[in-house]
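>>> Provided below are the primary sequence and the corresponding predicted coordinates.
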Amino acid sequence: QVQLVESGGGMVQPGGSLRLSCAASGFTLDNYAIGWFRQAPGKEREGVSCISRANGSTYYAESVKGRFTTSRDNAKNMVYLQMNNLKPEDTAVYYCAADSYPSLHEGTYAYWGQGTQVTVSS
């Protein structure tokens with residue numbers, strides 16, 4: 001059974017950092033591009049970042065460029081989203097997703113995790 005599980009969410013003060021992890025079971029992550037998405041209350045889900053399966057090329061939404069970094073550890077079958085200088089507007093449920101090609105559009109992805117909550121508040 002193909003499954004993605006996110007972890008690492010929590011509450012942090014503005015300016016703080018969190019690292020989200022995306023773990024896979026039932027398949028090998030290095031065969032897939034991985035996207036990170038988030039959904040804030042009352043808003044549509046938006047693409048945050050993605051990483052290709054081939055050469056690890058990364059792409060970021062303008063709102064997170066310079067603050068978020070996506071990486072993958074194929075040996076551990078894990079993908080990470082390092083989030084620095086967090087802002088209250090980063091508060092959302094964060095999801096990882098997997099499919100063949102990297103994209104910030106959610107329709108591209110067939111496999112999704114259940115999400116992890118990130119709250120940025122003082």
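Thanks, I have it. Residues are numbered from 1 along each chain as shown.
>>> tally of neighbours for Glu62?
Look at Glu62: counted by other Cβ atoms under 10 Å, it has 6 neighbours. Backbone N, C-alpha and C define where each C-beta goes, glycine included.
>>> and it, what pLDDT?
What the model reports for Glu62 is a pLDDT of 97.
>>> How about the closest residue to Thr69 other than its chain neighbours: which residues does it bridge to?
Distances taken as Cβ to Cβ, 6 or more residues apart in numbering place Gln82 nearest to Thr69, at 4.4 Å, with adjacent residues excluded. Residues in a beta bridge with Gln82, per DSSP bridges, are Arg19, Thr69.
>>> got the contact list for Gln82?
Under the criterion of Cβ atoms under 8 Å, 6 or more residues apart in numbering, the neighbours of Gln82 are 17, 19, 68-71.
>>> Could I get the phi/psi values of Tyr94?
phi -110, psi 140 (degrees, to the nearest 10).
>>> cool, Asn31 as well?
Per-residue torsions, Asn31: phi -90, psi 0 (degrees, to the nearest 10).
>>> Contact partners for it?
Counting by Cβ under 8 Å, 6+ apart, Asn31 touches Arg53.
>>> Go again with 10 Å.
Going by Cβ atoms under 10 Å, 6 or more residues apart in numbering, Asn31 touches 24, 53, 74, 98, 100.
>>> biggest separation within those residues, which pair?
The span of these, defined through Cβ to Cβ, is set by Asn74 and Ser100 at 16.0 Å.
>>> tell me which element the spatially most central residue of the chain is part of?
Among the residues of the chain, the one closest to the centroid is Trp36, at 2.7 Å (Cα atoms, centre = their mean). Secondary-structure assignment from DSSP states H and E places Trp36 in strand 33-39.
>>> Next one: the residue nearest to Thr116 when sequence neighbours are not counted, what pLDDT does it get?
Nearest residue to Thr116, sequence neighbours excluded (Cβ to Cβ, 6+ apart): Gly9, at 3.4 Å. For Gly9, the pLDDT comes out at 97.
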